[in-house]
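S.K.: here you go, sequence then predicted model.
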Amino acid sequence: MPLGRWVACLFLVAAALPGPAQARQICGKEVVAFDEMVVRIKADPGTEAAWISPAMMQIVDTKRLLIWTLAKPTGSQPAAYICRRIVQEGGAVTSIMTAECHGTQLGCDGIISRILAEQSRATAPFRQR
């Protein structure tokens, strides 16, 4: 096979290969294993962490106006991360929520629902004011 064809074949093969994987991010943090995620978030100045339950942690970042809820992986339950960015829009304060979970659709839906229910219970006294 002439050299030109080899180069053309190699180019086509290289173009078909996937590029480097994009690191997944949530609220500016690369998604990593649970323990490392906790360490990275808590390393930011202005963060305060508290356990909501034995399997869930909440970290408030007052400097960046973020509220993190992290679910520890247990058994068949995957690790899941929710970040709420507090923003002011049109004179009202609201939050923009993003979530990241690595597991089956059913497992991720279940843990995200549990996190949201836990957050709703935790913030209920503030909403009743």
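M.R.: Perfect, I can see it now.
S.K.: so I112 makes contact with C101?
M.R.: Yes: in this structure, I112 is within contact of C101 by CB atoms under 8 Å, at 6.3 Å. To be clear about C-beta, it is placed using only N, CA and C from the backbone, and glycine gets the same treatment.
S.K.: higher neighbour count, the two?
M.R.: C101 (22 against 19; other CB atoms under 10 Å).
S.K.: identify the residues contacting that one.
M.R.: The neighbourhood of C101, defined by CB atoms under 8 Å, 6 or more residues apart in numbering, consists of 78-81, 107-108, 111-112.
S.K.: can you list contacts of stretch 60-76?
M.R.: 27, 34, 37-38, 41, 44-49, 52, 54-59, 77, 79-87, 95, 107, 111, 114-115, 118-119.
S.K.: taking these one by one, which sit in strands?
M.R.: Among those, the members falling in strands (DSSP state E) are 47-49, 52, 56-59, 80-87, 95.
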